[in-house]
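K.L.:
need a 3D model of the following:
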Amino acid sequence: MIVVADASPLVTLAICDCLNVLETLFGEVRVSQTVFDEVAFGHKPGADKLAIYLQNKFISINLESYIIGAEMLDKGELTSIALYKHLQADYLLIDEKAGRKVAKINHIKIIGSLGVLIEAKRKGIIPLLKPYVELLRQSKTHFGEDLLTYALTAVGE
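P.N.:
Okay, here's the model as predicted:
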């Protein structure tokens, strides 16, 4: 199985020290060159971890593919969706509302970073979700309290 990842979920999983969960759940992880550059060379949390983790996982992608709603996206989201289509991936790992909306319009199967953590808990890859939710509460991530509480409820914590 192949998952193509956008930047924000990678940062979230790096904060939680859960990047390894991606390969356990999906097998193969790929990112666009744009996403790699954004997370590995910027000032994002976990940039050093991400630079190492994403070595040999990034691919340059031509944006000539037609994507419905592309004007709503930043270049990272756009290249992630294009790479998903190019690789005929199984999932697109994306958190941003606009990106998720465009992915759905384009019939792309999506999962978010919290969805990855929920699946990791359900499959016994991580013993508890709560410690990771607490890390996210303390970080500057974009998750609302309702969503974090929902994730805990979804796994019975």
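K.L.:
buried stuff in the host helix or strand of E38?
P.N.:
Following DSSP states H and E, one finds E38 within helix 33-40. Judged by neighbour count using 16 or more other C-beta atoms under 10 Å, the buried positions of helix 33-40 are 34-36, 38-40. (Glycine included, C-beta is placed from N, CA and C.)
K.L.:
got the CA positions of stretch 93-113 in PDB?
P.N.:
The C-alpha trace of stretch 93-113 is given here as PDB (Å, rounded to 0.1, in the frame of the first residue of the first chain):
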ATOM      1  CA  LEU A  93      -2.400  11.900   4.200                       C
ATOM      2  CA  ILE A  94      -3.700  15.500   4.500                       C
ATOM      3  CA  ASP A  95      -5.100  17.600   7.300                       C
ATOM      4  CA  GLU A  96      -6.000  21.000   5.900                       C
ATOM      5  CA  LYS A  97      -9.700  21.500   5.100                       C
ATOM      6  CA  ALA A  98      -9.200  23.000   1.700                       C
ATOM      7  CA  GLY A  99      -6.900  20.200   0.700                       C
ATOM      8  CA  ARG A 100      -9.300  17.500   2.000                       C
ATOM      9  CA  LYS A 101     -12.200  19.200   0.100                       C
ATOM     10  CA  VAL A 102     -10.300  19.200  -3.200                       C
ATOM     11  CA  ALA A 103      -9.200  15.600  -2.600                       C
ATOM     12  CA  LYS A 104     -12.800  14.500  -2.100                       C
ATOM     13  CA  ILE A 105     -13.900  16.300  -5.200                       C
ATOM     14  CA  ASN A 106     -11.200  14.400  -7.100                       C
ATOM     15  CA  HIS A 107     -12.300  11.000  -5.600                       C
ATOM     16  CA  ILE A 108      -9.100  10.600  -3.500                       C
ATOM     17  CA  LYS A 109      -9.100   8.400  -0.400                       C
ATOM     18  CA  ILE A 110      -7.900  10.500   2.500                       C
ATOM     19  CA  ILE A 111      -6.700  10.100   6.100                       C
ATOM     20  CA  GLY A 112      -5.500  12.700   8.500                       C
ATOM     21  CA  SER A 113      -2.800  12.600  11.100                       C
END
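K.L.:
quick one, what contacts A151?
P.N.:
By C-beta atoms under 8 Å, 6 or more residues apart in numbering, the contact set of A151 is 114, 117-118, 129, 133.
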